[in-house]
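>>> have a look; sequence and predicted model below, questions after that.
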Amino acid sequence: MDTGLVVNAEIELLTAIRNADIQVLESVLHDDLLFNLPDGNTITKALDLESYRSGKMKIDFLEASDQIVNIIGDTAVVAVTISLKGNFDNNPLNAILRYIRVWKQFGEQLKVIAGSCVPLN
């Protein structure tokens, strides 16, 4: 696995989040994904996808910066700062978050197997 592959996977993921593209999210999120939210709750792939399907999650602006990629065998750990604006369940979102995301290679495809984020603002 090389850094370019991971960077491209991150771009694909963030574009899918911005566009609420369920098909791409379904493909890049591992079925056994666990993700810790800033409030301490842990969600699964199913819960994450449902927030987009239902229209609860709407992203108007998303920008990544300060990305660090560490590759360890068939796994990559990405730390990245995300600025986002939008709505979740009709509540405004305007946050700067620091994410850590774990990607694992399955054959030719990378999938997110774990992650979490903390607020920076």
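Nice, thanks for sending it over.

>>> which parts of this protein are helices?
Secondary structure of the chain (DSSP state H): helices at 3-19, 22-28, 45-53.

>>> of all those, which one is nearest residue 101?
helix 3-19 (7.6 Å; CB to CB). C-beta: built from backbone N, CA, C; applies to glycine.

>>> quick one: buried residues of that closest one?
Neighbour counts over helix 3-19 (16 or more other CB atoms under 10 Å) mark 5, 6, 9, 10, 12, 13, 14, 16, 17 as buried.

>>> check stretch 30-40 too.
Buried, per 16+ other CB under 10 Å, within stretch 30-40: 30, 33, 35.

>>> narrow those to those in strands?
30, 33, 35 (DSSP state E).

>>> out of the residues you listed, the closest to residue 117 would be?
The nearest member of those to residue 117, counting by CB to CB, is residue 35 at 8.1 Å.

>>> separation between the closest residue to that closest one other than its chain neighbours and residue 29?
Nearest residue to residue 35, sequence neighbours excluded (CB to CB, 6 or more residues apart in numbering): residue 115, at 4.8 Å. Plainly put, residue 115 is 10 Å away from residue 29 if you go by CB to CB, to the nearest Å.

>>> in this structure, which ranges drop under the pLDDT threshold?
Of all residues in the chain, none has pLDDT under 70.

>>> one more pass at 80, please.
Residues of the chain meeting the criterion pLDDT under 80: 121.

>>> which of the helices of the chain sits closest to residue 59?
helix 3-19 (5.1 Å).

>>> between helix 45-53 and that closest one, find me the angle.
Orientation check (axes from the mean of the first three to the mean of the last three CA atoms, to 10 degrees): helix 3-19 against helix 45-53 gives 50 degrees.

>>> re earlier: adding distance to residue 119, write the ones in strands among the buried residues of stretch 30-40 out as JSON lines.
Below are these laid out as JSON lines (distance: CB to CB, whole Å):
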{"residue": "30", "distance to residue 119": "25"}
{"residue": "33", "distance to residue 119": "21"}
{"residue": "35", "distance to residue 119": "15"}
